[in-house]
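Novice: Using only what follows, build the 3D model:
(chains A and B, ligands or ions: 2)
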Amino acid sequence: MLEIDQLKVVYTSNQQSINALGPITMSFEQGEIYAVIGPSGCGKSTLLHVLGGIIQDFEGQVDFNGDRLNANKYAIGFIPQNFGLLPWKNVEKNCLISLKIRGMAIDQQVKDRVNSIMKRLNIHNLMNRYPNSLSGGQRQRVAIARAFSMNPDLLLMDEPFSALDSLTREEAQELFIDLWNEYKVTTVFVTHSVEEAIYMGKKIVIMSHCPGTIVEVIDNPLFNHMEGIRHLSEGTNESLRDSEKYLKLSAHIRGIIKRGWKK
Amino acid sequence: MRTKRKLSTFVQGFIIINLLWYGLSIFMNLRVLPTPFMVYQKISLLYTDKIYQHILVSLYRVLSGLGIAMILGIGIGLLIAYSGWWNKLLNPLIYFTYPIPKTVLLPILMLLFGLGDSSKITLIVLIIIFQVIVSARDAVQGISQETYAFIHSLGASKYQIFIHVTLPAILPELLTNLRLSVGTALSILFFAEAYGTHYGIGYYILDAWSRMDYISMYLGVVTISLVGFALFIAVDLLEESVCKWKQ
Ligand SMILES: Nc1ncnc2c1ncn2[C@@H]1O[C@H](COP(=O)(O)OP(=O)(O)OP(=O)(O)O)[C@@H](O)[C@H]1O
Ligand SMILES: [Mg+2]
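Specialist: Ligands and ions are numbered 1, 2, ... in the order given. Alright, predicted model coming up:
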């Protein structure tokens, strides 16, 4: 379990302090997937950077399974908004770098695992290519493969799908959910899209304007039930009921947005 | 494929230069401007006049100067980029000495280090090292914080961050700088070899000039140009093997 207690982040730039986030108190349960949605500049990326150990200068406390969250101790898969691939390493080396840096042995078992993930994401034939020569969707899949390949304790993604066009995005979301359902890694991801939050988030966390605090955490009944809504092919009763739920939930979230991200 | 294309560019350039040279020498019809054929006929001088020895001596001076300047320069540049303290100490020094034309130091260097190779190599190092320091420092400082976000999330050590992110990120700029430095080093070499030596291709050219042996002089010019070109190719090959991802 990931517990955040009175977390507050203050940036200083040009001798001015900017209160960017919090205070936030919240706990994230093991094996869940959280969608964080909030207005631009409210501190979503900042929150992920704290969880990822990239920002270490913060007030409050962040605990993971009862002790301090530490990037050295726990495997944290972090996918930044620009995917963060290293341009000077080919796809294969990019996928293995996390393991290498964490000092994990790259034995046959690990290789098989990485290979099967790459096959699932359909990037195994790109092994020797460099990121510069890949499309946005391919880069994103490499970033996902890289994160999953080290079997992370925690997965963090900053607007992972926003750089993709809408068709590629839907496909990538489906691939991701597929993979996630297999490994069930505790995941926190940031999104700007209500639809994406409902499709991908088991829990939806709504944040307020800067400095971001938590407005509401919603249990999403529609997680893993969106196929029927997305692919309107089957007009079954169940998918009709889901459609109703979907409209209600998205109206609820949009209401909060209309009220200026207040409850 | 790339090497093939480069080679054909080289051949084209070589032919064009020689045609221009030929045209000019026919047009001017002077003893001091022989045609390329007259020069190439004497190519055996390379051996009988021991030009290859002069080339080796010159290469030794240029490569030592380049090597020392690059290694020291990159080291100091990194030191400045990483440590505020060193930056405070060295920045004023670099800022102050940067605009001084360092070739004027040759007499002083010769008084200090003698007439031999060390004063010539030191001059090359002194001139090149400042550009190297500045470009290494700027390259490191130009890497955006975003580039590091991912590797920080893995809890990487400073050494790992340097090896996997900083170094590969600055390599292209360092190689560009090396390319510029090769040109600079060769020009300084010619100047430095005018004094206190009987070896080196610079000396050979100046000596032939003073003896009014114009054919040998031109042969020397052609030779030093080819040496410069060979060094350029070497940098190209290095770049191709180290920065594969750029292509
Ligand atoms: N390096 C920094 N220095 C100073 N202020 C910063 C810095 N990074 C972010 N901020 C400020 O902190 C606040 C939160 O930024 P953050 O990037 O976390 O927002 P965000 O919710 O991710 O926004 P977006 O949805 O646009 O990506 C913003 O007001 C921003 O201006
Ligand atoms: Mg952001």
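Novice: tell me which parts of the stretch 51-200 of chain A are close to chain B?
Specialist: Within the stretch 51-200 of chain A, the residues that sit near chain B (CB under 8 Å from any CB of the partner chain) are A:52-54, A:70-73, A:76-78, A:80, A:82, A:84, A:86-90, A:97-98, A:101-102, A:130-132, A:156. Placement of C-beta: from N, CA and C, glycine included.
Novice: Go through those residues and flag which are in helices.
Specialist: Judged by DSSP state H, helices contain the following of these: A:97-98, A:101.
Novice: Turn these into CSV, columns for pLDDT.
Specialist: What follows is these, written out as CSV (pLDDT from 0 to 100):
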residue, pLDDT
A:97, 90
A:98, 88
A:101, 89
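Novice: Got a quick ChimeraX command for the buried subset of the residues of the stretch 51-200 of chain A next to chain B?
Specialist: Burial among those is assessed by 16 or more other CB atoms under 10 Å in any protein chain shown; the matching ChimeraX selection reads:
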select /A:52,53,54,71,76,77,78,80,82,84,86,88,89,90,97,98,101,102,130,131,156
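Novice: Next up, phi/psi of the residue nearest the centre of chain B, please.
Specialist: Taking CA atoms, centre = their mean as the criterion, residue B:182 is the residue nearest the geometric centre of chain B, at 1.3 Å. Backbone geometry at residue B:182, expressed as degrees, to the nearest 10, gives phi -60, psi -50.
Novice: before we move on, what about the one 3 residues further on?
Specialist: For residue B:185, the backbone dihedrals (degrees, to the nearest 10) come out as phi -60, psi -40.
Novice: Then residue A:204?
Specialist: phi -120, psi 120.
Novice: Show me where the stretch 151-263 of chain A has its strands.
Specialist: Ranges of strands in the stretch 151-263 of chain A, per DSSP state E, counting those that start in this stretch, are A:154-158, A:186-191, A:203-207, A:214-219.
Novice: Deepest in the core, which of these is it.
Specialist: Ranked by mean neighbour count, the strands of the stretch 151-263 of chain A are led by strand A:154-158 with a mean of 25 (mean count of other CB atoms under 10 Å in any protein chain shown).
Novice: Distance from it to the middle of the chain?
Specialist: Centre-to-centre, strand A:154-158 and its host chain are 4 Å apart (CA atoms, centre = their mean, to the nearest Å).
Novice: and it, which strands flank it?
Specialist: Applying DSSP bridges to the sheet, strand A:154-158 is found paired with strand A:76-79 (parallel), strand A:186-191 (parallel).
Novice: if we can go back for a sec, name the nearest residue to the residue nearest to the centre of chain B, sequence neighbours excluded.
Specialist: Closest residue in space to residue B:182, ignoring its immediate chain neighbours: residue B:231 at 4.8 Å, by CB to CB, 6 or more residues apart in numbering or on different chains.
Novice: Measure how buried the one you found is and give me the count.
Specialist: A count of nearby residues for residue B:231, using other CB atoms under 10 Å in any protein chain shown, gives 21.
Novice: what does chain B have sitting close to chain A?
Specialist: Close to chain A, as judged by CB under 8 Å from any CB, chain B has residues B:146-147, B:149-156, B:160, B:164-165, B:168-169, B:171, B:243-246.
Novice: Show me which of those residues are buried.
Specialist: B:147, B:149-156, B:160, B:164-165, B:168-169, B:171, B:245.
Novice: Now the residue of chain B found nearest ligand 1. Its backbone dihedrals?
Specialist: Going by CB to the nearest ligand atom, ligand 1 is nearest to residue B:145 of chain B, at 7.4 Å. Backbone geometry at residue B:145, expressed as degrees, to the nearest 10, gives phi -60, psi -30.
Novice: Contact partners for it?
Specialist: If you count contacts by CB atoms under 8 Å, 6 or more residues apart in numbering or on different chains, residue B:145 has none.
Novice: contacts with ligand 1 among the residues of the stretch 51-200 of chain A next to chain B, please.
Specialist: Contacts with ligand 1 are made by none of these, judged by CB under 6 Å from any ligand atom.
Novice: ranges for the strands of chain B?
Specialist: Counting by DSSP state E, chain B forms no strands at all.
Novice: Select the longest helix from it.
Specialist: For chain B, the longest helix by residue count, based on DSSP H, is helix B:51-82.
Novice: Could I get the average pLDDT for that helix?
Specialist: Averaged over helix B:51-82, pLDDT sits at 93.
Novice: For that helix, name the packing helices and strands.
Specialist: Where contact means 3 or more CB pairs under 8 Å, 6 or more residues apart in numbering or on different chains; DSSP states H and E, helix B:51-82 is packed against helix B:84-97, helix B:117-141, helix B:167-192, helix B:201-210, helix B:214-242.
Novice: try 6 Å this time
Specialist: The contact analysis (3 or more CB pairs under 6 Å, 6 or more residues apart in numbering or on different chains; DSSP states H and E) places helix B:51-82 against helix B:84-97, helix B:117-141, helix B:167-192, helix B:201-210.
Novice: Would you pull up how far the first one lies from the middle of the chain?
Specialist: Remark: helix B:84-97 is offset 25 Å from the chain centroid, using CA atoms, centre = their mean.
Novice: Any buried residues in that helix, and which?
Specialist: Across helix B:84-97, burial judged by 16+ other CB under 10 Å covers B:87, B:90, B:94.
Novice: Stretch B:68-88 too?
Specialist: B:68-70, B:73-74, B:76-82, B:87.
Novice: For that stretch, output the C-alpha coordinates as PDB.
Specialist: Taking C-alpha atoms only, stretch B:68-88 is exported to PDB below (Å, rounded to 0.1, in the frame of the first residue of the first chain):
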ATOM      1  CA  ILE B  68      46.000  16.400 -24.400                       C
ATOM      2  CA  ALA B  69      43.700  19.300 -25.200                       C
ATOM      3  CA  MET B  70      40.600  17.000 -25.600                       C
ATOM      4  CA  ILE B  71      41.300  15.000 -22.400                       C
ATOM      5  CA  LEU B  72      42.200  17.900 -20.200                       C
ATOM      6  CA  GLY B  73      39.500  20.100 -21.700                       C
ATOM      7  CA  ILE B  74      36.700  17.700 -21.300                       C
ATOM      8  CA  GLY B  75      37.800  16.900 -17.800                       C
ATOM      9  CA  ILE B  76      37.900  20.600 -16.800                       C
ATOM     10  CA  GLY B  77      34.600  21.300 -18.600                       C
ATOM     11  CA  LEU B  78      32.900  18.500 -16.700                       C
ATOM     12  CA  LEU B  79      34.400  19.700 -13.500                       C
ATOM     13  CA  ILE B  80      33.000  23.200 -14.100                       C
ATOM     14  CA  ALA B  81      29.600  21.900 -15.100                       C
ATOM     15  CA  TYR B  82      29.200  19.700 -12.100                       C
ATOM     16  CA  SER B  83      30.800  21.800  -9.300                       C
ATOM     17  CA  GLY B  84      29.800  25.300  -8.400                       C
ATOM     18  CA  TRP B  85      33.100  25.800  -6.600                       C
ATOM     19  CA  TRP B  86      35.300  25.000  -9.600                       C
ATOM     20  CA  ASN B  87      33.000  27.100 -11.800                       C
ATOM     21  CA  LYS B  88      33.600  30.100  -9.500                       C
END
